[in-house]
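Undergrad: What shape does this take:
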Amino acid sequence: MARRAFFSFHYQRDIWRVNQVRNSWVVQPGIQQAVWYDASLWEEAKTKGNTALKNLIDDGLKNTSVTVVLIGTETYKREWVKYEIEQSFVREKGLIGIYIHGLKNVLGQTDIKGENPFSTISLETNNQKTYFSNLYPTYDWILNEGYKNIASWIEEAAKRAGR
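TA: Numbering: from 1, shown residues only. Below is the predicted model of the structure:
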């Protein structure tokens, strides 16, 4: 079953790497259709104000099963990535992180591994903090063979969320 996924990422720094992940199904032999549908909003994000951007993100999360956080060097610093993760949690979406620093950019360069954005967000229950990094898995696109495995990662995240 194809899942509808929302891709969260740092636009300016990582768009070249992100497009490699988002389009990976197109070049797989024997794949006739996408194993997920992309609901990200990066094309419009740069031209909108804060309220409009929140509305775009909220609309983009509708009818999705999973949010895939594509983690580059500075992704953890991005306020809109944090907002997308928090809203995905509130809406009971599946969540996964995928490190993309090992993919090459337009200049053929890889990047430095960034901090896990899930480690910057926590829940507090009975005065006990639980970080999202303890709740949601992360993978490395290169080391964990994302090209082969992204569909199963998305499917597992959807099932963990009861979707």
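Undergrad: for whatever helix or strand residue 16 lives in, which positions count as buried?
TA: Using DSSP states H and E, residue 16 falls within helix 11-22. The neighbour-count check on helix 11-22 (16 or more other Cβ atoms under 10 Å) flags 11, 13, 14, 15, 17, 18, 20, 21, 22 as buried. Using the backbone N, CA and C atoms, a C-beta is placed for each residue, glycine as well.
Undergrad: swap in stretch 103-116?
TA: 103, 111, 114, 116.
Undergrad: Residue 151: which of those residues is nearest?
TA: Closest to residue 151 out of the buried residues of stretch 103-116 is residue 103 (17.8 Å), distances taken as Cβ to Cβ.
Undergrad: low-confidence ranges in this protein?
TA: Counting by pLDDT under 70, the chain shows low-confidence ranges at 1, 25-48.
Undergrad: report the longest helix in it, please.
TA: The residue-count maximum for a helix in the chain (DSSP state H) belongs to helix 146-160.
Undergrad: between that one and helix 11-22, how many degrees?
TA: 90 degrees (axes from the mean of the first three to the mean of the last three Cα atoms, to 10 degrees).
Undergrad: Return the distance of helix 146-160 from the chain's centre.
TA: Here helix 146-160 is found 12 Å from its chain centre; the criterion is Cα atoms, centre = their mean, to the nearest Å.
Undergrad: repeat for stretch 89-109
TA: 5 Å.
Undergrad: Output the helix holding residue 16 as PDB, restricted to C-alpha atoms.
TA: Output of helix 11-22 as PDB, limited to C-alpha atoms (Å, rounded to 0.1, in the frame of the first residue of the first chain):
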ATOM      1  CA  TYR A  11      15.400  23.800   2.400                       C
ATOM      2  CA  GLN A  12      18.300  26.000   1.700                       C
ATOM      3  CA  ARG A  13      21.100  23.700   2.700                       C
ATOM      4  CA  ASP A  14      19.700  20.300   1.800                       C
ATOM      5  CA  ILE A  15      17.300  20.600  -1.200                       C
ATOM      6  CA  TRP A  16      19.700  18.800  -3.600                       C
ATOM      7  CA  ARG A  17      20.100  15.800  -1.200                       C
ATOM      8  CA  VAL A  18      16.400  15.900  -0.300                       C
ATOM      9  CA  ASN A  19      15.400  15.500  -4.000                       C
ATOM     10  CA  GLN A  20      17.600  12.500  -4.300                       C
ATOM     11  CA  VAL A  21      15.600  10.800  -1.500                       C
ATOM     12  CA  ARG A  22      12.200  12.000  -2.600                       C
END
